[in-house]
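Visitor: My questions are about this predicted structure, shown below with the sequence.
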Amino acid sequence: MKDSRKRLDGRSSILGGHLDVGEAGRGWDFVSPGHGDVDFEDLFRALNRIGYDGPLSIEWEDAGMDREWGAPDALAFVRRTDSLPSAVAFDAAFAREG
């Protein structure tokens, strides 16, 4: 799990060029999961849809956040956002027995 944030303003490039990570002139940077542009809810729903039940790994990288705070925050975000798929079809809850 890794997140990034775009900062394209017409002056910054999508490519980092030779700018250091975290410099304002970059068009994008890696940020702690849950603080960027990646739609993790859609990602987890897609993994559930295909039946993925393997591990999730967080690659934490954020030049603007202390790692001692950010890494546990990222883990909490992933645990909070990763949901189990439903064991039954939604419509099955309305089926009549009999």
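Guide: That came through, no problem.
Visitor: Other residues contacting stretch 74-92?
Guide: Contacts with stretch 74-92, where a contact means Cβ atoms under 8 Å, 6 or more residues apart in numbering, come from 1, 32-34, 40-41, 44, 48-49, 51, 56, 58, 60. All C-beta atoms are positioned from the backbone trio N, CA, C, and that covers glycine.
Visitor: Over to stretch 30-43?
Guide: With Cβ under 8 Å, 6+ apart as the test, stretch 30-43 has contacts from 1-6, 21, 58, 60-65, 70-71, 73-74, 77-78, 81.
Visitor: what residue lies at the spatial centre of the chain?
Guide: F40 (4.1 Å; Cα atoms, centre = their mean).
Visitor: Could you find which two of the contacts of stretch 74-92 are furthest from each other?
Guide: Farthest pair in the contacts of stretch 74-92 (Cβ to Cβ) is S32 and G51. Separation: 28.3 Å.
Visitor: higher neighbour count, those two?
Guide: Per other Cβ atoms under 10 Å, whichever of S32 and G51 has more neighbours is S32, with 22 against 7.
Visitor: Got the confidence number for that one?
Guide: Predicted confidence (pLDDT) for S32: 96.
Visitor: Now do the helices in this structure.
Guide: Here the chain has its helices, by DSSP state H, at 40-49, 67-81.
Visitor: can I get those in CSV with mean pLDDT and distance to G25?
Guide: Putting the helices of the chain into CSV (pLDDT from 0 to 100; distance: least, Cβ to Cβ, whole Å) gives the following:
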stretch, mean pLDDT, distance to G25
helix 40-49, 93, 27
helix 67-81, 94, 23
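Visitor: Sounds good, over and out.
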